[in-house]
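> Quick one: sequence and predicted model below, then my questions.
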Amino acid sequence: MIIVMNKDARHEDIENVLMLVQKLGLEFSILNNEEKTIILTQQSYDLNSDLIKALPKVEYVVTLNEDYKLVYKNINNLETKIKVGDCLIGGKEITFIAGPCSIESKEQLFKIANHLKNSGVKIIRAGAFKFRTSPYSFQGLGYKGLELLRELKEETGLYVISEILDHHDLPYFEKVVDILQIGARNMHNINLLKAVGESHLPVLLKRSYSATLKEFLFSAEYILMGGNKNVILCERGIRTFSDYTRNTLDISIVPAIKQRSHLPVIVDPSHATGKRDLVIPVSLAAIAAGADGLMVEVHHQPDLAYSDSEQAIRLEQFDELIRRSRKIAEAIGRKF
């Protein structure tokens, strides 16, 4: 159950509510929002919520049918907007995150980054550590890759998102990146979720390729429980019987999340399709469905890329994506 206090509630008003909650034998926790105090209690199916609603300065009470609480839409009347420098993820704006799957060299990273910056991109994605299915695949440059990202930020002013694989590496990432990425394979890594929940950095959480909507939101709940309110949900396709694409984009999860959660949601069309020529049309569909942004893999020589070469689009394709996306955004009342 969620009890939202009026912004004018005094300490005495909050104490009155807590006294009743304790009298009813319910455990509780307190979340201090920017303007309001929110009291979370365990679910009680035989409790008449009117008892609490009648108390002074109680704005409203939500009895949840779902077990997640912090990601639930009714906690915030407004959609959460996440600020990364001068970028705002959520709201009316559509955010583009783009870059190579993995950092291969300084020359490769800076060439792609400079093109993206000239195209209006402010957030670059680039993997320093790569979680690969095969132990013989390129695993990334590791800490050297993080150092290259630091140099890139200093020279270009771009903001950086990169995937963290191990919670022990969090101190190193916090010195470099602007957004922490939790990959699909680590969506169920509770220790990692708890660790980034205590970080001051925004977190982009990717949906596992077999996760239900409820499981996806539960993973986000772990991060929010740690105190980190800046979580971005990312749909990147799920595994189905289809063998034509790498995964199957669950486009319906975008509006489904919007109905249930206040968190922004973006789509990764590169992993969803696994095919370069499908990235643009799927991206346009994601924007039309209400996604707050896209995360796209881009490479100046995709056929020679060390990882995910088939799904990385060329630089000129990315520019085409920007042009066509702008038209879709305008048609649905969104903007860049």
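Okay, I see it.
> going forward, measure contacts and count neighbours with C-alpha atoms only.
Fine.
> any chance you could map the helices in this structure?
11-23, 50-53, 106-118, 143-156, 170-174, 190-197, 213-225, 253-260, 269-273, 279-288, 315-331 (DSSP state H).
> Single out the most deeply packed of the ones you listed.
helix 269-273 (a mean of 26; mean count of other CA atoms under 10 Å).
> Let me know how buried the spatially closest residue to Asp178 that is not a sequence neighbour is, in neighbour terms.
Take Asp178 and drop its neighbours on the chain: the residue closest to it by CA to CA, 6 or more residues apart in numbering is Val160, 5.3 Å away. Applying other CA atoms under 10 Å, we find 23 residues neighbouring Val160.
> Which residues are in contact with Val160?
Counting by CA atoms under 8 Å, 6 or more residues apart in numbering, Val160 touches Ile123, Ile124, Arg125, Ala126, Leu149, Lys153, Val176, Val177, Asp178, Ile179.
> how far away is it from Gly333?
Val160 is 28 Å from Gly333, where distance means CA to CA, to the nearest Å.
> quick one on the thing from earlier: tell me the one among the contacts of Val160 nearest to Arg132.
Ala126 (14.7 Å; CA to CA).
> The closest one and Ser102 touch, don't they?
Yes - counting by CA atoms under 8 Å, Ala126 does reach Ser102; the two are 5.3 Å apart.
> Pass me the low-pLDDT residue ranges in the stretch 201-336 of the chain, would you?
Of all residues in the stretch 201-336 of the chain, none has pLDDT under 70.
> Show me how the chain divides into domains.
Domain segmentation of the chain under automatic domain parsing yields 2-65, 82-331.
> How about the residue nearest the centre of the chain: what's its closest non-neighbour residue?
Centroid check for the chain by CA atoms, centre = their mean gives Ile232 as the closest residue, at 1.9 Å. Nearest non-adjacent residue to Ile232, counting by CA to CA, 6+ apart: Leu204, 4.6 Å away.
> List the residues that contact that neighbour.
Applying CA under 8 Å, 6+ apart, the residues near Leu204 are Ile179, Leu180, Gln181, Ile182, Val231, Ile232, Leu233, Cys234.
> Nearest to Ala289 among those?
Cys234 (13.7 Å).
> hang on, that closest one packs against Ser208?
No - the pair Cys234 / Ser208 is not scored as a contact, 9.7 Å apart, by CA under 8 Å.
> Which of the two has more residues huddled nearby?
Applying other CA under 10 Å to Cys234 and Ser208 shows that Cys234 carries more neighbours, namely 27 against 22.
> show me what contacts the more buried one?
Leu204, Leu205, Lys206, Arg207, Val265, Ile266, Val267, Asp268.
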